[in-house]
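Asks: no letters, just coordinates:
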DNA sequence: AATAAAATGTAGCACTCGCTACATCTGAAG
DNA sequence: CTTCAGATGTAGCGAGTGCTACATTTTATT
C-alpha cells in the first residue's frame, strides 16, 4: 500500500470521527502522525484530500451494504437497513455524506460533484440489496429515491438519540410503504 | 423595531443566501452595512447570532406553512408541501436547517440545541397543515416523522436539480404512503 | 442644559488557516 | 560510491478569524 493510501485510510478514519465541517489540516495531520505539509504533498490540496476522503467513505459504506446478508422480505430488509444505519461504521459514513451534502447545498465545489457521484454509487448498492431481498430490479430502482431520502432524513433528524418511539414507528411505516411499492 | 431586530432580519436574509457553514462575521457585517463589532455588540457572540438566525428562519418557515391554503386531501397536501419546499422562501430555510443539522451531527453546540428546538416547531406546523388537509390529529402526528424525514431527504439529495423523474415519482410514492397512513 | 446610557467607530490582539520556499534526508539505480 | 528523484522537516507568509479595549458619538431622561 502506497504512503498515500495509508494516509487516505487514516484521514478517512479521522474525518469519520471528527466530521468534514470545519476540518483543518494541521490537527488532522497531527492525529495521523504526519504534517499538513505531507498531506498537501500527497493529495495536492485540501479540496483533493476531501474528495478522496468522501470517495473512500462511500466505498466503505457500499461495501458494508454488499456484505450485508439479505433479509427474507423487502420489509425486513428495510428494517435491517435502518439497524445498520445506526450502527457504527455506516452511521459515521452517513454523517460524513450528510455533512458533505449540506456543504454543497449552494453549489459549492468540490462538494457538489463529490456528493453527486457518491449518491449514485450508494443508490446502486441500495438497489442491489433490495433485489437480494426479493424485490424485482425495476421495483427496487423505483423505490430507492424514497427509501434513500427517508433513511437519510431519519438519520439527520434523530441522528444523536436514535431511540424514540416516533422514530421506530416512522421506520416501520417506511418499511411497509417500500414493501408495498416493490410488490 | 429595535436595532437588534433589524440586524436579525438582515442577518437571516444573508445567512439564507450564503449558508451557515463557513459563515464569518466580517463579510456578513459588510453586506449588512455594519461591522462585526456591532453584530457582537447586539448579539453577544457569533454562536448567539447563529442561534438567533436559526430561530428566525424557523419562525419564517413555519409561518409559510401556517399561511398555506389547505389542500383537499392529504395526498394533495403532501404534493403541495413538496412544491412549497422547492420554492424560494422555504427552500432556503430548509437549506439552512439542513446545514445546521449537519453541523450539529456530532453533538456540537450551539447547533444541536438550536436544531432540536427548530425541529419541534416545524413538526407542529406540519401536523397543523395535515389536519387542515383533512387528516385526524393522531393520524397527522403519527405520520409526521416519516413525512418530515422524506421531504428533507429529497431536498438534500436533489437540492440543486429538483426536477428529475425519479424524484417526482418518489414524492408521489411518499404522498400515497402518507395518505394511506392517515386514513 | 446636564447627565447617564445606549450605540458606534477605530485599532488591534492572539490565533488559525491553506499553502509554499527551501533545505534535508533516504533509498534505489547506474 | 555517486547520482538523483521521491519523501520529509522547518519555517514562515499573507490573509482571515472571533473578539476586545478604548474612545467617541448619539439618544433619552431628568
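Replies: Great, that's in hand. Bear in mind that the values here come from a model prediction, so they are computed numbers and not experimental data.
Asks: which parts of chain A are helices?
Replies: All helices of chain A, identified by DSSP state H, fall at A:3-18, A:25-32, A:36-43, A:46-66, A:74-85, A:88-103, A:111-132, A:137-157, A:165-181.
Asks: show residues contacting the longest one.
Replies: Helix A:111-132 is touched from outside by A:50-51, A:54-55, A:57-59, A:61-62, A:65-66, A:68, A:70, A:74, A:77, A:81, A:97, A:100-101, A:103-104, A:137, A:139-141, A:143-145, A:147-148, A:178, A:182, B:157, B:160, with contacts defined as CB atoms under 8 Å, 6 or more residues apart in numbering or on different chains. Using the backbone N, CA and C atoms, a C-beta is placed for each residue, glycine as well.
Asks: re earlier: can you put the helices of chain A in CSV and add mean neighbour count?
Replies: Below are those laid out as CSV (neighbours: other CB atoms under 10 Å in any protein chain shown):
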stretch, mean neighbour count
helix A:3-18, 17
helix A:25-32, 15
helix A:36-43, 16
helix A:46-66, 19
helix A:74-85, 21
helix A:88-103, 22
helix A:111-132, 19
helix A:137-157, 23
helix A:165-181, 19
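Asks: any chance of these in JSON lines, plus mean pLDDT and distance to DNA strand C?
Replies: Converted to JSON lines, these look like this (pLDDT from 0 to 100; distance: least, CB to the nearest atom of the strand, whole Å):
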{"stretch": "helix A:3-18", "mean pLDDT": "96", "distance to DNA strand C": "11"}
{"stretch": "helix A:25-32", "mean pLDDT": "97", "distance to DNA strand C": "4"}
{"stretch": "helix A:36-43", "mean pLDDT": "97", "distance to DNA strand C": "4"}
{"stretch": "helix A:46-66", "mean pLDDT": "97", "distance to DNA strand C": "3"}
{"stretch": "helix A:74-85", "mean pLDDT": "96", "distance to DNA strand C": "29"}
{"stretch": "helix A:88-103", "mean pLDDT": "95", "distance to DNA strand C": "13"}
{"stretch": "helix A:111-132", "mean pLDDT": "96", "distance to DNA strand C": "14"}
{"stretch": "helix A:137-157", "mean pLDDT": "96", "distance to DNA strand C": "24"}
{"stretch": "helix A:165-181", "mean pLDDT": "95", "distance to DNA strand C": "35"}
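Asks: any chance of a markdown table for the ones you listed, columns distance to residue B:31?
Replies: A markdown table is the format used below for the helices of chain A (distance: least, CB to CB, whole Å):
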| stretch | distance to residue B:31 |
| --- | --- |
| helix A:3-18 | 31 |
| helix A:25-32 | 29 |
| helix A:36-43 | 31 |
| helix A:46-66 | 25 |
| helix A:74-85 | 39 |
| helix A:88-103 | 21 |
| helix A:111-132 | 23 |
| helix A:137-157 | 29 |
| helix A:165-181 | 39 |
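Asks: residue most distant from the centroid, chain A?
Replies: Centroid-distance maximum for chain A: residue A:37 at 28.7 Å, with CA atoms, centre = their mean.
Asks: grab the nearest non-local neighbour of that residue.
Replies: residue A:29 (7.9 Å; CB to CB, 6 or more residues apart in numbering or on different chains).
Asks: so who does the residue nearest the centre of chain A touch?
Replies: For chain A, the residue sitting closest to the mean C-alpha position, by CA atoms, centre = their mean, is residue A:94 at 3.4 Å. The neighbours of residue A:94, taking CB under 8 Å, 6+ apart as the test, are A:61, A:85, A:152, A:155.
Asks: now the third one: how far from residue B:101?
Replies: Which is residue A:152. In this view, residue A:152 and residue B:101 are 11 Å apart by CB to CB, to the nearest Å.
Asks: what touches both of these two?
Replies: Contacts common to residue A:152 and residue B:101, judged by CB under 8 Å, 6+ apart, are residue A:98.
Asks: state the distance from the closest residue to residue A:4 other than its chain neighbours to residue A:36.
Replies: The shortest distance from residue A:4 to any non-neighbouring residue, by CB to CB, 6+ apart, is to residue A:42 (4.5 Å). According to CB to CB, residue A:42 and residue A:36 sit 11 Å apart.
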